[in-house]
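*Asks:* have a look at this prediction, sequence included:
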Amino acid sequence: MVEFKVNIGDPKTKKTVQKVVSGKEAEALLKKKIGEKISGDAIGFAGYEFEITGGSDYCGFPMRRDVRGTARKKVLIVGGVGIRKNVPGRKIRKTVAGNTIYSKTAQINLKVLKHGASPLFEEKKEGESKAEEKAAENLAEEKKHKHDEKAEEKAE
């Protein structure tokens, strides 16, 4: 069974949503190349249209648009995907993955081109993240625990 982690970036809101895609939805992405457009209906986002902007294979090697096929290749590069800072004029040989999605691709990056009816992101209360929610729950639990201890001490 094929499974991909899909990161969907929205240029309007400047936010990203992550989704694990498997089964029929994942098969719709196989053999697609970087730069191709795909329908959101194929991966569970009705009305949306996405563009494949990149990804990485199961070992973390980044996909590069100018490397054809699915295999990893050692290429001589000056800049771009697969290389961080570089001195002008220096070429470095780096291993990168090809531009085609196949069964051993782990992560796929998509960009929203056309929005659908339903929103990609659940609207949260302003300033609340998962970490803040969890911290608030822990604090409430600690207060309850301390309150119970004080009640027990008074009873004795």
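*Replies:* Right, received. Where do you want to start?
*Asks:* torsion angles phi and psi at residue 136?
*Replies:* With angles defined as degrees, to the nearest 10, residue 136 sits at phi -60, psi -40.
*Asks:* residues in contact with it?
*Replies:* Contact analysis of residue 136 by CB atoms under 8 Å, 6 or more residues apart in numbering lists nothing. Where you see a C-beta, it was placed from the backbone N, CA and C, and this is true even at glycine.
*Asks:* for it, give its distance to residue 121.
*Replies:* The gap separating residue 136 from residue 121 is 21 Å, by CB to CB, to the nearest Å.
*Asks:* likewise for residue 76?
*Replies:* Distance from residue 76 to residue 121, by CB to CB: 40 Å.
*Asks:* name the residues of stretch 40-55 that are buried.
*Replies:* 40, 42, 43, 45, 48, 49, 50, 51, 52, 54, 55 (16 or more other CB atoms under 10 Å).
*Asks:* what's the neighbour count on the closest residue to the second one other than its chain neighbours?
*Replies:* In this case it means residue 42. Closest residue to residue 42 apart from its sequence neighbours, by CB to CB, 6 or more residues apart in numbering: residue 28 at 3.8 Å. When neighbours are counted by other CB atoms under 10 Å, residue 28 registers 16.
*Asks:* next one: residue 57
*Replies:* Residue 57, neighbours per other CB under 10 Å, totals 20.
*Asks:* how about the one 4 residues further on?
*Replies:* Around residue 61 sit 17 other residues, with neighbours defined as other CB under 10 Å.
*Asks:* and this protein, what are its domain boundaries?
*Replies:* 3-69+97-123, 126-156 (automatic domain parsing).
*Asks:* of those domains, which is nearest residue 81?
*Replies:* domain 3-69+97-123 (4.8 Å; CB to CB).
*Asks:* thinking again about what came up before, compare residue 76 and residue 121 (neighbour count), which wins?
*Replies:* Neighbour count, other CB under 10 Å: between residue 76 and residue 121, residue 121 has more, with 11 against 8.
*Asks:* doesn't residue 16 make contact with that one?
*Replies:* No - Residue 121 is not in contact with residue 16 according to CB atoms under 8 Å; the separation is 9.2 Å.
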